[in-house]
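**Q** model the structure of this input:
(one chain, ligands or ions: 1)
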Amino acid sequence: MRLDKFLAGCAGSTRSEVKKQLKKGMVLVNHVVEKHPERQIDPEQDCIELAGKTVHWQPFIALMLNKPAGVVTATEDKRQKTVMDGIDHPRKKELFPVGRLDIDTEGLLLLLNDGALAHRMLSPRHHVDKTYYAKVLGYVDEQDVEAFARGVDIGEKAPTLPAKLEIQSVKEVEQPLWETDSDLETPTEPATISEIYLTICEGKFHQVKRMFEARGKKVIYLKRVKMAGIALDDTLAPGEWRELTNEEMERLQRLC
Ligand code: URA
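**A** Numbering: from 1, shown residues only. Model (predicted):
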């Protein structure tokens, strides 16, 4: 691995910071000053020091991305933008998304380089909790709460596993009957919009949307806010990402 890539990936510096640190002679490889960013090192064998401190190789990397709407959850796609397009991490090539969010869904997406951990997190045996915030067209009520707690038929072999539905608000709004660019007033009709949080422990295709459809309601906005005990960092704007903290990383590894 190139020395600058190692430092950017493991010492938390940007590539341009690394360049300056190398130039200033702040980096030692096996106790000898090294100024060449392209120097090849073995991350597991060589001793790398930056400003007098040993930089330890991090085999596992994990990021949280606030997925924006309009990008597909894939590492590559011929036609559409993917969740990887906005990631400029030095070890980006090793990363892949854990599970899938629909193209129009926003929010927490974990990107890992550890296939075994990702596999365990997605395995139906482990029942990893995922919490979604949604706006739903329709009046969500206590009967929906009870139905989701029992499990609903979404056309699979078995009903969904018990899920926790929390109703935040139910409001009547005037919704436009059609979109117009003109200054003329657009006719509106009243509609009921409910805001909810739903926690599920499965990951069936379009699961949240299908659960509400089964109750005769339509999800019009969906955002994942928590997964495996890790909450979406609310300082991240859509499209922004950060590395998981050590505590979040440990939580993941303890989980399954
Ligand atoms: N459920 C859905 O319907 N869509 C998602 O993207 C995630 C969960």
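
**Q** how many other residues sit next to the nearest residue to Ser194 once chain neighbours are set aside?
**A** Distances taken as CB to CB, 6 or more residues apart in numbering place Val140 nearest to Ser194, at 3.7 Å, with adjacent residues excluded. Bear in mind the C-beta positions are built from the backbone N, C-alpha and C, glycine included. By the criterion of other CB atoms under 10 Å, Val140 has 26 neighbours.

**Q** where does pLDDT dip in the protein?
**A** The chain contains residues with pLDDT under 70 at 256.

**Q** near the ligand, which residues of it show up?
**A** Taking CB under 6 Å from any ligand atom as the criterion, the chain approaches the ligand at residues Leu101, Asp102, Thr105, His206, Gln207, Val208, Lys209, Leu222.

**Q** and the second one, what does it touch?
**A** In other words, Asp102. Neighbouring residues of Asp102 by CB atoms under 8 Å, 6 or more residues apart in numbering: Thr73, His206, Lys209, Leu222.

**Q** the third one looks like it's in a helix, true?
**A** Yes: secondary structure assignment (DSSP: H, G, I helix; E, B strand; the rest coil) places Lys209 inside a helix.

**Q** isn't it up against Leu222?
**A** Yes: Lys209 is within contact range of Leu222, at 7.2 Å (criterion: CB atoms under 8 Å).

**Q** contact partners for the residue nearest to Ser194?
**A** Taking CB under 8 Å, 6+ apart, one finds Leu165, Ile167, Val170, Ser194, Ile196, Arg215, Lys217 in contact with Val140.

**Q** mind running it again at 6 Å?
**A** By CB atoms under 6 Å, 6 or more residues apart in numbering, Val140 lies in contact with Ile167, Ser194, Ile196.

**Q** what about these, which one has the most neighbours?
**A** Ranked by the number of neighbours (other CB under 10 Å), these place Ile196 first, at 23 neighbours.

**Q** report the secondary structure state of it.
**A** Applying three-state DSSP: Ile196 is strand.

**Q** and the gap between it and the ligand?
**A** Ile196 sits 13 Å away from the ligand, taking CB to the nearest ligand atom, to the nearest Å as the criterion.

**Q** check Tyr133 too.
**A** Going from Tyr133 to the ligand by CB to the nearest ligand atom gives 11 Å.

**Q** would you confirm that Ala149 belongs to a strand?
**A** No: checked against three-state DSSP, Ala149 lies outside a strand; its state is helix.

**Q** now it: closest residue in space, sequence neighbours ignored.
**A** Counting by CB to CB, 6+ apart, Ala149 lies nearest to Pro162, which is 5.4 Å off, once chain neighbours are set aside.

**Q** next, count neighbours for the one you found.
**A** The tally of other residues near Pro162 (other CB under 10 Å) stands at 12.

**Q** output the residues of the chain next to the ligand as a markdown table; include the columns distance to Ala237.
**A** Formatted as a markdown table, the residues of the chain next to the ligand follow (distance: CB to CB, whole Å):
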| residue | distance to Ala237 |
| --- | --- |
| Leu101 | 17 |
| Asp102 | 20 |
| Thr105 | 16 |
| His206 | 26 |
| Gln207 | 26 |
| Val208 | 23 |
| Lys209 | 24 |
| Leu222 | 18 |
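
**Q** wait, Gly229 sits on Gln253?
**A** No: applying CB atoms under 6 Å as the test, Gly229 and Gln253 come out as separate, 11.6 Å apart.

**Q** give me the number of residues near the closest residue in space to Glu240 that isn't next to it in sequence?
**A** Sequence neighbours aside, Asn66 is the residue nearest to Glu240 in space, at 5.6 Å (criterion: CB to CB, 6+ apart). Neighbour count of Asn66, defined by other CB under 10 Å: 22.
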